[in-house]
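> Need a 3D model of the following:
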Amino acid sequence: MSSDLLSDVLPTMLHDPVSYAIPFFVVALLLEWGAARKLAYDEQPRPPSGAYLRADAWASIWMGAVSLFTSGVLNFLALVGYAALYVYVAPWHLPGNAWYTWVIAILGVDLIYYTYHRMAHRVRLFWATHQAHHSSEYFNLSTALRQKWNPSGDLLMKAVLPALGVPPWIVFASFSVNLVYQYWIHTERIGKLWRPIEYVFNTPSHHRVHHGRDQQYLDKNYGGILIIWDRMFGSFTPETARPNYGLTKPVGTYDIWKLQTHEYFTMVRDVREANGFGDRLGYVFGPPGWQPHGPESAPVR
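A predicted model of the protein is given here:
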């Protein structure tokens, strides 16, 4: 492997770029938490959805901390696989110092994120992982930290980019840009923005819809950085009223292990009790809330 090719595969620094954004995450969270503190005391015993409930916020923070570790391990393993795809499978190698490589990578990651995110809401196996992020009934910057511990589905789908010649380190950097962007849209402190921005980009207004459990908001607005994918593929809905947040069937706990795993255990129970192979497949690969021999299930989460 030539030194030029090696530099495209493995950057000098392999630290997750998201780690450099952690100080910004912390400062922004503390500012919002402070701004929302009055709300939390004004409406006891339950703060409004945009405020902070201490137990809920700390659950989100700890879930994010564990996610940093598990994602770091899986990202390292993925980097090895991405490097092999880039070197031995890709029909060409896009230069790591070209602006268009970054444009292709950022747009490619965002489209793949949209695709996987939509699958994660419509395929129960993937939903079992993703539901943890939706489990909070509050919507604030701490909710953005409530991340899943198993990003393997995302990593498998993003493998298409190094297989098409995008340097692996740029794939990871672009994913980090995508993730960092989505932090600030988890807030009720920002209303609707200038119309052209709302039309092209994912914004707090669009993402509040995505976290809503109201029937008109279920399974909408999957975009990461751009909302144009939702507009193109028919999954866009504007915010017309403040949503009610969380799962349609709340877990009712702040135990981070249960928040991460309860849907897996429920899915395994359903598979064990199913009658026939077809029903077992339905419980795993059907949409959340799928039931055998019944009407098509409405979105459930």
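
> rest of the way, CA atoms for contacts and neighbours
OK.

> List of residues touching stretch 270-282?
283, 284, 290, 291, 292 (Cα atoms under 8 Å, 6 or more residues apart in numbering).

> how about 7 Å then?
The contact list for stretch 270-282 (Cα atoms under 7 Å, 6 or more residues apart in numbering) reads 283, 290, 292.

> Name the member of those residues with the most neighbours.
residue 283 (25 neighbours; other Cα atoms under 10 Å).

> give me the element that residue is part of.
When elements are assigned from DSSP states H and E, residue 283 belongs to helix 277-285.

> And that helix, how far out from the chain middle?
The chain centre lies 25 Å from the centre of helix 277-285; the measure is Cα atoms, centre = their mean, to the nearest Å.

> list the buried ones in it?
For helix 277-285, a neighbour-count test (16 or more other Cα atoms under 10 Å) marks 279, 280, 282, 283, 284, 285 as buried.

> will you turn the residues you listed into a markdown table that also has pLDDT and distance to residue 118?
Formatted as a markdown table, these follow (pLDDT from 0 to 100; distance: Cα to Cα, whole Å):
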| residue | pLDDT | distance to residue 118 |
| --- | --- | --- |
| 279 | 95 | 23 |
| 280 | 95 | 22 |
| 282 | 96 | 18 |
| 283 | 96 | 18 |
| 284 | 97 | 16 |
| 285 | 96 | 13 |
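
> Save the residues you listed as a markdown table, and put in distance to residue 55 too.
As requested, the buried residues of helix 277-285 are exported to a markdown table (distance: Cα to Cα, whole Å):
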| residue | distance to residue 55 |
| --- | --- |
| 279 | 38 |
| 280 | 36 |
| 282 | 35 |
| 283 | 32 |
| 284 | 32 |
| 285 | 33 |
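
> biggest helix in the chain by residues?
What stands out as the longest helix in the chain, according to DSSP state H, is helix 54-84.

> Quick check: which helices or strands does that one pack against?
Judged by 3 or more Cα pairs under 7 Å, 6 or more residues apart in numbering; DSSP states H and E, helix 54-84 is in contact with helix 141-144, helix 168-183.
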